[in-house]
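Undergrad: next come a sequence and a model predicted from it.
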Amino acid sequence: MFSILGSIIALVLASTICQALPDLHKQMSPEQLHSVFHVDTHDAVPHYELVQLLHHSSHGGLQRKRRSIDERSNALAQKPHHVKKDLSKNAYYSELKQQAAAAGAGRSNNHLLGDDISSIKAHNVSFSAFGNHMNLTLRATQGLFKGAPHELRMWSVGSEPNATHGLDLHEILDEKHHKHEIGEVFQDEQNMAAILMRRHMETGDLIMEGSIGHDLVIKPLPHELSPNKEQAHHIVYKRAASATNDQLSDFAFMEPDDLLASEKLERLQRRQHRSRRSSGNSPDFEDLNDEDEGKLDADADPAEPQTSESRVRPRRQAPYVIYPEVLVIVDYDGYRLHGGDNLQVKRYFISFWNGVDLRYRLLKGPRIRISIAGIIISRGRDATPYLERNRVGRDAIDSAAALTDMGKYLFRERRLPVYDIAVAITKLDMCRRTSAFGECNRGTAGFAYVGGACVVNKRLEKVNSVAIIEDTGGFSGIIVAAHEVGHLLGAVHDGSPPPSYLGGPGAQRCRWEDGYIMSDLRHTERGFRWSACTVQSFHHFLNGDTATCLHNAPHEDSALGRSLPGTLLSLDAQCRRDRGTYACFKDERVCAQLFCFDAQTGYCVAYRPAAEGSACGNGYHCLDGRCSPLPSNIIPDYGNNYRLVYNG
């Protein structure tokens, strides 16, 4: 009875508010329009409704006294029902303030205000919008980043002629965001809701922002515009659908190498033949050609012995959970879209990748958990030269050429945190040329290499684990990001054969028209889900030799152990044990990821960081993930083997 009555009250209340404030957006400043709707003018505001939220929590520590359903039902007959509004200034907030005052010892109200959100096991939130009543059960998202959301690291990049590559890239250390400024991340898998929840620093209002279902966005109404200063209100609007991709516009195959030895080519063709017999597909080797690129890496040392172990190895078994660590690069137009405010950028992209992660959590196997390695914000258009030099007109970029240049830039850039996948996010329109000098056709919303995760093309000096996606605010790029990351993890479009260099089942048995995620990006219920063919492609890729950088848990503690094994095994020896080959690079890059040559594919493949103490050039060694001189507290141990130990 309470639930039904509460729904009726919410519907009436929402209707009353919307009728009373039909032109609320016209009172918004340009900054508020950007913050809420991500538009420049009042005329561009989408259809929206003003809502008030009903909130019930299952709290594990501090908890309000709550009566049972029966007690509430009996009480309704005796006195008027009052809408519970835990998402506004309420009795629970007052209780926290009283406990903070009683606790003393210097613990602030803000500390308790931050703790109470994360300590609640489940937030049950309901509201009505666009004639529908929503009941959300929000549970905390685990593993999206190391530590708490406010601890997510950010870097700034801007043009500086005297700096490396002409770019000043540095970590932002002077803007430490407090826990209650960012909030906590939650998901409701059944209703496909990805929410960032926090309390207002001054009023104690609980605030939500994020995406719900396939087309709804929820944002807090600026406090200055609230019709009732004692309550928090939210705006719910329908986001615009992303541009529909055709079947060939949003991905590139990785390049073949015309220098492949005949033995390697024959081996590849034998694998293709086995794949065709097992899957019924007939991938064509010529399909590998990328019209924008050269050829695949084949820098194998001809003198390097090819053992039987390196020629024929059983497929690796992927671990139970896969953790793609994503480096998020926000271009200057995207930075301006969020008001040039680092706090707004962090909030938005935490919510954004929470939504991407939600799509992957629908997979029961393989289990894939998105992890944010860090966010890089661009202080000017020159901060992303790979986008700027591939502009088409005033507001578009040649997506294929930009992706190539992005991979080449990241190959040279040594100042970045460890990542498995790098994704550039732009507000610019994306297009794809049909020929070198042909028209650039728009309609592309993202671009990535199929099977590019973990892969570096050493001969072309290019990272292949890259993607570019278009996002115009309002979380419009979430499903595009999920789609492009899917390409990087080895998935092709539904209805398509696999690329020859990957083999595997492909997706010819699944129809493009069915509208799953690896299809035409429809904003429908099915557009949230993965086809059976995509799931099989994920399994095939993640159990392959080129996907091993995804197997380590994210942000593993790299504190020094007692011994430094890298002094016992050279980089080549470490690769020989892992892959039977040798190390592609022997510089500071190995401290973040050791790339070993893979004889079967011709790629340099990231497996893991080099062992602690490994040489990284110029007398330096890998210590705590960095290429550094050996500190004085590391001493030689003259035992049976010469090694270095940590004297700690």
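TA: Nice, thanks for sending it over.
Undergrad: ranges for the strands of the stretch 301-450 of the chain?
TA: Under the criterion DSSP state E, counting those that start in this stretch, the stretch 301-450 of the chain contains strands at 321-322, 325-330, 367-368, 371-378, 391-392, 396-398, 421-426, 429-433, 440-444, 446-449.
Undergrad: point out where the protein drops to low pLDDT.
TA: Where the chain drops to pLDDT under 70, the residues are 1-22, 57-116, 227-232, 241-249, 255-319, 521-524, 555-565, 630-648.
Undergrad: returning to that earlier point: which of the strands of the stretch 301-450 of the chain is buried the deepest?
TA: Comparing the strands of the stretch 301-450 of the chain by mean neighbour count (mean count of other C-beta atoms under 10 Å), strand 446-449 ranks first with a mean of 29. Using the backbone N, CA and C atoms, a C-beta is placed for each residue, glycine as well.
Undergrad: so which elements touch it?
TA: Applying 3 or more C-beta pairs under 8 Å, 6 or more residues apart in numbering; DSSP states H and E, we find strand 446-449 packed against strand 251-252, helix 399-412, strand 429-433, strand 466-470, helix 478-488.
Undergrad: out of these, which comes closest to residue 165?
TA: Closest to residue 165 of the helices and strands packed on strand 446-449 is helix 399-412 (C-beta to C-beta; 6.5 Å).
Undergrad: contacting residues for residue 135?
TA: By C-beta atoms under 8 Å, 6 or more residues apart in numbering, the residues touching residue 135 are 124-126, 191.
Undergrad: could you rerun that using 7 Å?
TA: In this structure, residue 135 makes contact with residue 126, judged by C-beta atoms under 7 Å, 6 or more residues apart in numbering.
Undergrad: element containing it?
TA: Using DSSP states H and E, residue 135 falls within strand 132-140.
Undergrad: now residue 39
TA: Using DSSP H and E, residue 39 falls outside every helix and strand.
Undergrad: C-terminal to the strand holding residue 135, what's the next element?
TA: strand 154-159.
Undergrad: endpoints of stretch 200-211, how far apart?
TA: Separation of the first and last residues of stretch 200-211 by C-alpha to C-alpha, to the nearest Å is 20 Å.
Undergrad: near the residue nearest to residue 569 when sequence neighbours are not counted, how many other residues are there?
TA: Counting by C-beta to C-beta, 6 or more residues apart in numbering, residue 569 lies nearest to residue 611, which is 6.4 Å off, once chain neighbours are set aside. Residue crowding around residue 611 was assessed by other C-beta atoms under 10 Å; the count is 19.
Undergrad: residue 611 contacts residue 575, doesn't it?
TA: No - if you go by C-beta atoms under 7 Å, residue 611 and residue 575 don't touch, sitting 11.2 Å apart.
Undergrad: hang on, the earlier thing: how about the strands of the stretch 301-450 of the chain in JSON lines, adding distance to residue 145?
TA: Below are the strands of the stretch 301-450 of the chain laid out as JSON lines (distance: least, C-beta to C-beta, whole Å):
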{"stretch": "strand 321-322", "distance to residue 145": "16"}
{"stretch": "strand 325-330", "distance to residue 145": "10"}
{"stretch": "strand 367-368", "distance to residue 145": "16"}
{"stretch": "strand 371-378", "distance to residue 145": "5"}
{"stretch": "strand 391-392", "distance to residue 145": "32"}
{"stretch": "strand 396-398", "distance to residue 145": "28"}
{"stretch": "strand 421-426", "distance to residue 145": "15"}
{"stretch": "strand 429-433", "distance to residue 145": "27"}
{"stretch": "strand 440-444", "distance to residue 145": "29"}
{"stretch": "strand 446-449", "distance to residue 145": "22"}
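Undergrad: could you point out which of the ones you listed sits nearest residue 138?
TA: strand 371-378 (19.4 Å).
Undergrad: what are the C-alpha coordinates of the closest one, in PDB please?
TA: C-alpha atoms of strand 371-378 as PDB (Å, rounded to 0.1, in the frame of the first residue of the first chain):
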ATOM      1  CA  SER A 371      39.100   0.100 -14.400                       C
ATOM      2  CA  ILE A 372      40.100   3.800 -14.900                       C
ATOM      3  CA  ALA A 373      43.900   4.200 -14.900                       C
ATOM      4  CA  GLY A 374      43.600   8.000 -14.900                       C
ATOM      5  CA  ILE A 375      42.200  11.000 -16.700                       C
ATOM      6  CA  ILE A 376      44.200  13.400 -18.900                       C
ATOM      7  CA  ILE A 377      42.600  16.800 -19.600                       C
ATOM      8  CA  SER A 378      43.700  18.900 -22.500                       C
END
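Undergrad: need the residues that contact that strand.
TA: Residues outside strand 371-378 that contact it (C-beta under 7 Å, 6+ apart) are 143-145, 152-157, 323-332, 335, 342, 345-346, 349, 353, 384, 417-419, 554.
Undergrad: strands paired with it, and their directions?
TA: Paired neighbours of strand 371-378 in the sheet (DSSP bridges): strand 154-159 (parallel), strand 325-330 (parallel).
Undergrad: relative to strand 421-426, how tilted is that strand?
TA: Counting by axes from the mean of the first three to the mean of the last three C-alpha atoms, to 10 degrees, strand 371-378 lies at 40 degrees to strand 421-426.
Undergrad: what count of nearby residues applies to residue 212?
TA: If we define neighbours as other C-beta under 10 Å, then residue 212 has 22 of them.
Undergrad: residue contacts, it?
TA: Shown in contact with residue 212 (C-beta under 7 Å, 6+ apart): 134, 191, 193, 218.
Undergrad: okay, and the beta partners of it?
TA: Beta-bridge partners of residue 212, as defined by DSSP bridges: residue 193, residue 216.
Undergrad: measure it to residue 484 for me?
TA: 22 Å (C-beta to C-beta, to the nearest Å).
Undergrad: what of residue 200?
TA: Going from residue 200 to residue 484 by C-beta to C-beta gives 35 Å.
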